[in-house]
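Peer 1: Can you look at this prediction? I've put the sequence above it.
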Amino acid sequence: MVTNDIPSSDTFTGLSRKVIEYSECFKLIVEKIKQKKLTDADWVMMEKLVDVEHFRRVGQFLTNTVETSTWAQ
């Protein structure tokens, strides 16, 4: 049996802690979206870990054209 247990972020420091905190937040968001539509309030924990003012996601997602999106989008 394969597990996806994430160790608690409390046991880490520095950048490692931020990575684990991000994973914890993402896991909670995935669990919530299975139960209900997400609201802006559901993203607050994640936004504490992300530079939302400068965030840009760049890549080819749905077409062959490069797409850019901001955090708000």
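Peer 2: Thanks, I have the structure now.
Peer 1: number of nearby residues for the residue nearest to Ser69 when sequence neighbours are not counted?
Peer 2: Distance criterion Cβ to Cβ, 6 or more residues apart in numbering; nearest residue to Ser69, sequence neighbours excluded, is Arg57 at 4.9 Å. C-beta: built from backbone N, CA, C; applies to glycine. When neighbours are counted by other Cβ atoms under 10 Å, Arg57 registers 11.
Peer 1: What of Glu21?
Peer 2: By other Cβ under 10 Å, the residues close to Glu21 number 19.
Peer 1: check contacts around it.
Peer 2: Ser9, Leu49 (Cβ atoms under 8 Å, 6 or more residues apart in numbering).
Peer 1: And what about it, helix, strand or coil?
Peer 2: helix (DSSP: H, G, I helix; E, B strand; the rest coil).
Peer 1: Read off the pLDDT value for it.
Peer 2: The model reports Glu21 with a pLDDT of 91.
Peer 1: Then the one 5 residues further on?
Peer 2: Reading off the per-residue confidence, Phe26 sits at a pLDDT of 90.
Peer 1: hang on, it is in a helix, isn't it?
Peer 2: Yes: when classified by three-state DSSP, Phe26 is found to be part of a helix.
Peer 1: Isn't it up against Met46?
Peer 2: Yes: if you go by Cβ atoms under 8 Å, Phe26 and Met46 touch, sitting 7.2 Å apart.
Peer 1: if we can go back for a sec, the residue nearest to Ser69: what's it in contact with?
Peer 2: Counting by Cβ under 8 Å, 6+ apart, Arg57 has contacts Thr68, Ser69, Thr70.
Peer 1: my read is the second one is in a helix, agree?
Peer 2: No: counting by three-state DSSP, Ser69 is not part of a helix but strand.
Peer 1: start at 7 instead
Peer 2: Understood, numbering begins at 7; the last thing we discussed is Ser75.
Peer 1: So Val36 belongs to a helix, correct?
Peer 2: Yes: the assignment for Val36, made by three-state DSSP, places it in a helix.
Peer 1: So, low pLDDT: which residues of this structure?
Peer 2: Where the chain drops to pLDDT under 70, the residues are 7-10.
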